[in-house]
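Undergrad: Here you go, sequence then predicted model.
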Amino acid sequence: MNGLAHQVISGLASGSIYAAVALALVMIYQATHHVNFAQGEMATLSTYICLTLINAGVPYWGAFVITVIVSFVMGAVVERVLIRPVNNAPILTVVGVFIGLLLVINAMDGWIFDYIIKPFPSPFGGGQPMLDGFISSHELGETGVTLIVLLLVYLFFRHTTLGLAMRAAAFNPTSARLCGVRVNRMLALGWGLAAAIGAVAGMMVAPIVFLDPNMMFGILIYAFAGALLGGIDSPLGAVIGGFIVGVLENVFGAYIVGTELKLTVALIIIVAVLLIKPAGLLGRPVQSRV
Amino acid sequence: MPALLEARGLHAGYGQTKVLHGLDFAVEQGRTTTLLGANGAGKTTTLRAICGLIRPQGEVRLADKRIDREPAEEIVRRGVGHVPDGRGTLMELTVEENLRLGAYTRRDRNGVKADFERMFRYFPRLKERYRQQAGTLSGGEQQMLAIARALLVKPRLLLLDEPSFGLAPLIVADIFEILRRIRADEGVSILLVEQNSSVALDFADHAYLLETGRIVVSGPAADLRKDEAVRRAYLGY
């Protein structure tokens, strides 16, 4: 029984990472109706930036904050330079741009920072066991940081005028413009915010999975499964879905399919959701008239 | 004194499809002007060209300043409120959030607060539904919400795109009754687009009749209402 509890708790810890990346995916999906396949690679790049800063002698939390800010700007620039020109392009063009971005960032990471797997420091003191050995100090701290980020994002969207304008721009760009909302700027802000959230996820997961150019590859798939499970157009759903996927992945990995086949769990979830409940747990079913 | 809004040689369309073929018209300060015409005459397109949702050719002046090169979000800041066709309700947001968006460009917190109260006097329904999702409102309530949202911009010019669309006659009468009060209280100039020409001619001071992208008749609303020939040929009642 203790073993299962352990798996569930450490599943929640990795689930918090999936939840954050899933939220980043959903934010961009809501605004543009596209899934940003490069979200994970952007987060990896951010994590490399953080490591470079730390190696240059910047204290951890200083590097953390700088990385979040730099990632925000990077996300906004990507929207402005690469995504806006294809706003009205056919869907395959956009998917092409996303995949191109994924490959370019991935190759760039390898080229600049090389492909060797690197350890990444944790501000929470590595792996001391906490809570009777159920969870490591890093997992506990990492979950805390992610939850704080999720809470901040929630408060921002619910209770600030800028957050309201961003939601309006995503739901109904024409009406938002007629109220004076600068929709293009909101899109760039949204991309910046998504990149910043991804950066936090990258920095928090790197001490566990170690840093290499493909670090976020699997995590993006888990996050995508979480977003689909919760409902790709529901931010709350994406967060809940992320946590559920984290737990399922761990429990199935430990007791049923084994660690080698863990990623399969994510793919099974993706297929199952699309077959049984395409709108996800909290998403709205899409109806269209022919 | 020049007109509040003046369009000269206004051409507009969607891609290859040209809809407007050179319109000249004006909205006088403090007056109500209406554009009438059948489906597809170009009424909605005219409003979109004025408010910047589509880019027109020709000249549009607001208080003698060119606005035809400005995007919609900037024209709002010049004092143009738009009640769009289909009401433009932000369905996923609450009534409160819809109204807050209306006041998005404003920085005078106290003024906004007072305006919220004024909107609730015009539309008590919106106060009752304040915390409700706007998508759950009835058509008439959504129309009220759209008008309140546009008024919260504090517009000099209010563009109304078929406020009667899809509503029962009693509700249409209600809405125009409220619009009369608003017009009297706020002194806002109005450009009204309508298919329901008898209601529109009753409400407006001046009328233009649009046919396939051209103005075919123009005159005081009262004269058009009395003109048998115009009525039979264009207005169909």
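TA: Sure, I can see it.
Undergrad: Tell me the bridge partners for the residue sitting nearest the centre point of chain B.
TA: Compute the mean C-alpha point of chain B, and by CA atoms, centre = their mean the closest residue is B:Leu160, 1.6 Å away. Under DSSP bridges, the beta-bridge partners of B:Leu160 are B:Val83, B:Leu192.
Undergrad: Okay, it and B:Ile75: tell me how far apart.
TA: Shown here: B:Leu160 relative to B:Ile75, a distance of 16 Å by CB to CB, to the nearest Å. C-beta coordinates here come from the backbone N, C-alpha and C atoms, glycine included.
Undergrad: hmm, back to that, isn't the residue nearest to the centre of chain B right up against B:Leu191?
TA: Yes. The criterion here is CB atoms under 8 Å, and B:Leu160 meets it with B:Leu191 at 7.1 Å.
Undergrad: interface residues of chain B facing chain A?
TA: Within chain B, the positions adjacent to chain A are B:51, B:53, B:71-73, B:76-77, B:82, B:84, B:88-93, B:97, B:100-102, B:104-105, B:149-150, B:153 by CB under 8 Å from any CB of the partner chain.
Undergrad: Which entries within these meet the buried criterion?
TA: Neighbour counting over those (16 or more other CB atoms under 10 Å in any protein chain shown) leaves B:51, B:53, B:71-73, B:76, B:82, B:84, B:88-90, B:92-93, B:97, B:100-102, B:104-105, B:149-150, B:153 as the buried ones.
Undergrad: Sitting in helices, which of those residues do you find?
TA: Secondary structure assignment (DSSP state H) places B:51, B:72-73, B:76, B:97, B:100-102, B:149-150 from those within helices.
Undergrad: from these, which two are the most distant?
TA: In those, two members sit farther apart than any others by CB to CB. They are B:Cys51 and B:Glu97, at 21.8 Å.
Undergrad: the helices in the chain, which residues?
TA: In the absence of a named chain, chain A is used. Chain-ordered helices for chain A, with DSSP H as the definition, fall at A:2-32, A:39-55, A:60-78, A:91-113, A:137-159, A:161-171, A:173-178, A:183-209, A:215-230, A:235-255, A:262-276.
Undergrad: think we crossed wires, I meant chain B
TA: In chain order, chain B shows helices spanning B:43-51, B:72-77, B:95-102, B:109-122, B:124-128, B:139-151, B:169-186, B:197-203, B:221-226, B:228-230, with DSSP H as the criterion.
Undergrad: pLDDT-wise, which helix or strand of chain A ranks last?
TA: Here the helix or strand of chain A ranked lowest by mean pLDDT, DSSP states H and E is strand A:129-130, holding a mean of 69.
Undergrad: List the buried residues for stretch A:56-72?
TA: A:58, A:63-64, A:67-68, A:70-72.
Undergrad: now do stretch A:217-229
TA: Neighbour-count burial for stretch A:217-229, counted by 16+ other CB under 10 Å, picks out A:219-229.
Undergrad: Run through who's touching stretch B:59-66.
TA: The contact list for stretch B:59-66 (CB atoms under 8 Å, 6 or more residues apart in numbering or on different chains) reads B:2, B:4-10, B:49-50, B:67-68, B:75, B:78-80, B:156-157.
Undergrad: of those residues, buried ones?
TA: Buried residues within the contacts of stretch B:59-66, counting neighbours by 16+ other CB under 10 Å: B:4-7, B:10, B:49-50, B:67-68, B:75, B:79-80, B:156-157.
Undergrad: can you put those residues in a markdown table and add distance to B:Arg214 and pLDDT?
TA: Formatted as a markdown table, the buried ones among the contacts of stretch B:59-66 follow (distance: CB to CB, whole Å; pLDDT from 0 to 100):
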| residue | distance to B:Arg214 | pLDDT |
| --- | --- | --- |
| B:Leu4 | 23 | 95 |
| B:Leu5 | 19 | 96 |
| B:Glu6 | 18 | 95 |
| B:Ala7 | 13 | 95 |
| B:Leu10 | 11 | 95 |
| B:Ala49 | 14 | 95 |
| B:Ile50 | 17 | 95 |
| B:Ile67 | 22 | 95 |
| B:Asp68 | 19 | 93 |
| B:Ile75 | 24 | 96 |
| B:Gly79 | 29 | 94 |
| B:Val80 | 24 | 96 |
| B:Arg156 | 27 | 95 |
| B:Leu157 | 23 | 96 |
